[in-house]
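In: Have a look at this prediction, sequence included:
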Amino acid sequence: MAQFFKHGWHLPLSWWNTNFKLSVMPVKKIKLLCALGSHKIVSPLLLAVCLLMPATANAVLLTVNNFSFENPSTAPATFTGDQASGPADWSVYNAGDTNSFRYFGVWNPATTDSYTDPVPDGFNVGVVFLLNTFSIAEAGLQQVLPSTLEVSTRYTLSVDVGNFDPGSGSAPWDFTGFPGYRVDLLAGGVVLASDNNTLMPAEGRFLTSTISYTVGASHTNAGQALAIRLVSLNGTGVEVNFDNVLLDATAVPEPSSRSLVALGLAFLLLAIHLKRQDALARR
């Protein structure tokens, strides 16, 4: 195989495209071809294709403190929380609208019929409990992260959203229905992306909300703190639960610079290739 790539120098571009059909070749196969050829790939066409292939960037999981709402530790069938402050590392969003029927904290649904689905992560779920008898304002939990908004980066936020099951109906409140939710990703207090109630989990079920946001080469809020906001829209159903809040970041390379380098090298090698072909023809 090494000898094949070594002597590929003398093969015309039409041969490479005819035999390897680069224009229709699956991405995985092109990557394999690039890897096999290593530094011995000298066809300008193939080199350009290899250079233009996007580099594999690994997503980095950013720190979200108490992402699973396990702090505070809570016994089965127990709620821990209050009206004006959230669980550890979380604060209350729209705290000014609190009253005796608005609570924030964590709930451990073990041994209860509040969920058919298992808790997505750990034992607890975050709680936003709003009775809209006295206030129709939305409210929720929020956290400012230690990470800041970086340019040329794609952010992906995923959150499990749960609909508390009314169960046997023995509770003093009617949990039938779903209040609606919103998940916000922010930087410097400015909302970058949101999932505004696109999911409708059934009673006692969880669904995963996912939002993405790509930052280009510049951004007004670059360098400012990232934040996450988990909101109940305070409709029928009283309570929304959240769990397993994960945010990752993936570097996004500048396509323009990569393309220019690839094309420049391809043209250079094409010139060398044609010159060598001409020299061989003169022999």
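Out: Yep, it's here. Just so we're clear, the structure is a prediction, and the values are computed from it rather than from any experiment. Numbering: from 1, shown residues only.

In: How many residues are close by N221?
Out: Other residues lying near N221 total 16 when counted by other Cβ atoms under 10 Å. Placement of C-beta: from N, CA and C, glycine included.

In: oh sorry, the question was meant for V161
Out: 28.

In: Mind listing what's buried along whatever helix or strand it lives in?
Out: Element membership for V161 (DSSP states H and E) is strand 153-163. Neighbour-count burial for strand 153-163 flags T153, Y155, T156, L157, S158, V159, D160, V161, G162, N163 (criterion: 16 or more other Cβ atoms under 10 Å).

In: Of the residues you listed, which is the nearest to D117?
Out: For these, the minimum distance to D117 (Cβ to Cβ) is 7.6 Å, reached by G162.

In: Which strand residues bridge that closest one?
Out: On the basis of DSSP bridges, G162 is bridged to F206, N241.

In: Domain map for the protein?
Out: As given by automatic domain parsing, the domain ranges for the chain are 2-55+254-282, 60-251.

In: For the ones you listed, which has the smallest mean pLDDT value?
Out: Comparing mean pLDDT across these, the lowest value falls on domain 2-55+254-282: a mean of 54.

In: quick check, S194 in a helix?
Out: No. S194 is assigned strand when assessed by DSSP: H, G, I helix; E, B strand; the rest coil, not a helix.

In: ok now do the residue lying closest to P109 once chain neighbours are set aside, which residues does it touch?
Out: Leaving out its chain neighbours, the residue that sits closest to P109 by Cβ to Cβ, 6 or more residues apart in numbering is Y115, at 4.8 Å. When contacts are counted by Cβ atoms under 8 Å, 6 or more residues apart in numbering, Y115 is found next to P109, G162, F164, D165, G204, R205, F206.

In: Using the three-state scheme, assign L280.
Out: From three-state DSSP, the assignment for L280 is helix.

In: wait, I meant R276
Out: R276 ends up helix, using three-state DSSP.

In: One more: I272?
Out: helix.

In: Pull up the gap between it and R282, please.
Out: In this view, I272 and R282 are 16 Å apart by Cβ to Cβ, to the nearest Å.
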